[in-house]
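S.K.: for reference, the sequence and a predicted model appear below.
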Amino acid sequence: MEAVYVLEPGSYIRREGMTLKVVKGGKVLEQIPADGLKRLMLIGYVSLTGSVLDFLIRNRVQTVFMTPTGRFRARLLLDEHGHVALRRSQYLQLSRKEFALETARTVVSGKIRNMLRLTLLRARQYGDETLKIAAASLNSASAHLKDVKKMDGLRGVEGAATRAYFGAFSRMVRNEAFSFNGRNRRPPLDPVNALLSFVYTLLTNEVLSAIQAGGLDPYLGALHEPLQGRPSLACDLVEEYRTFLGDRLVLGLINRKVIGKDDFVYGKEPPRTFVDEEEMRRKRPVLMKPAICRAFIQAYEEMMKRDVYYPPLNKKITYRWLILQQARRFGSYLSEPEKGYFPFTWDA
């Protein structure tokens, strides 16, 4: 069993032999075969016994803690060995302003190209003028990238492109039960944003795991500045997958009506300040109900097992293997910059 998600709030995990048991109120809710376990995702407030923690460390099981809204909380950090030369290249190359700028430009270019592809595809499918206008803005932003000389300017172009994309995102939501009035997070305030935030966190953790497997330091990137506790390189490299994997999954589930508006509830913590009761209700975080959260994770895992053609290997590979291969190619780029790095561009 490669990846396991535990979602039951207030539960704890204990170990009996080679089995991990999820327990709540004295009852065993789930039994997880520990043999072959590679990734453990704890969503909500789940605790571990000392025996389980020891097992996870000794067997190098990637363990991630997330809030009920899907926000990253912590990761069991396992020391990686044997990658000194690669990490030295990473530190030396990304400390050079010119190299960091070109790397960030490549990251932003890949992100914008994938946003443009999805926007153009849906504009043609739906005959939607708003999406066509957004696509024109994204195309303009992409063309402008080559003229940017400073990192702040590059981030400005990325921000403008993202605003143009999400400014038209509602036109891709084809389910009358859902509305989208702009991107919001920390916490997400509506179902669409709740789903987007959740899938982005899952993808970022996929990328972070791939980065660690490849021997890189996930906390030093180019586009995202180093901040305490933020895996900046993972935040960089996940950009090429947000639209291609995350947005398409969310839109597909909503538009096919696999998910309904009754699958969500408001969180318990209201905002500290509000004008009236209506504003308080609007500003409370939106959570997926446990059943739909499980269904969403299942859909995500099924997506990650699908195949896609990968030009560098001239064959089809799974999305999860794609992320791992791209992280390895980024490592090769840091060691040998002349090879270049090419974000994966979705062929719509």
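M.R.: Happy to help now that I have it. This structure is a prediction, so every number in the text was calculated from the model and none was measured.
S.K.: check contacts around Glu8.
M.R.: Residues in contact with Glu8, defined by Cβ atoms under 8 Å, 6 or more residues apart in numbering, are Val22, Lys24, Leu29, Glu30, Gly44, Val46, Pro290. The way it works is simple: take the backbone N, C-alpha and C, and place the C-beta from them, glycine included.
S.K.: and the two most separated of these?
M.R.: For the contacts of Glu8, the maximum inter-member distance is 13.8 Å, found between Glu30 and Gly44 (Cβ to Cβ).
S.K.: and those two? which has more neighbours close in?
M.R.: Taking other Cβ atoms under 10 Å, Glu30 and Gly44 do not tie; Gly44 has more neighbours (18 against 15).
S.K.: the closest residue to the more buried one other than its chain neighbours: what's it in contact with?
M.R.: Distance criterion Cβ to Cβ, 6 or more residues apart in numbering; nearest residue to Gly44, sequence neighbours excluded, is Pro9 at 4.1 Å. Applying Cβ under 8 Å, 6+ apart to Pro9 gives the contacts Gly44, Tyr45, Val46, Pro68.
S.K.: looking at those residues, which two lie furthest apart in space?
M.R.: Val46 and Pro68 (10.6 Å).
S.K.: if we can go back for a sec, give me the pLDDT value at the residue nearest to Gly44.
M.R.: Among the per-residue scores, Pro9 holds a pLDDT of 74.
S.K.: same question, Pro270
M.R.: 50.
S.K.: repeat that for the one 3 residues further on.
M.R.: The score at Thr273 is 50. That number is its pLDDT.
S.K.: could you do Pro343 as well?
M.R.: 95.
S.K.: in this structure it contacts Thr106, no?
M.R.: Yes - contact criterion Cβ atoms under 8 Å: Pro343 and Thr106 qualify, at 6.5 Å.
S.K.: what is in contact with the two at once?
M.R.: Counting by Cβ under 8 Å, 6+ apart, nothing touches both Pro343 and Thr106.
S.K.: biggest helix in this protein, by residue count?
M.R.: helix 97-126 (DSSP state H).
S.K.: which helix or strand lies directly C-terminal to that helix?
M.R.: helix 129-144 (DSSP states H and E).
S.K.: contacts for that next one, please.
M.R.: 109, 112-113, 115-116, 119-120, 122-123, 157, 160-161, 164-165, 167-168, 171-172.
S.K.: show me how to select, in PyMOL, the buried members of these.
M.R.: Entered in PyMOL, the line below selects the buried ones among the contacts of helix 129-144, by 16 or more other Cβ atoms under 10 Å:
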select buried, resi 109+112+113+115+116+119+120+122+123+157+160+161+164+165+168+171+172
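S.K.: where along the chain do the strands fall?
M.R.: Counting by DSSP state E, the chain has strands at residues 3-6, 12-16, 19-24, 27-33, 39-43, 47-48, 62-66, 72-75, 264-266, 286-288, 307-310, 315-318.
S.K.: no further questions, thank you.
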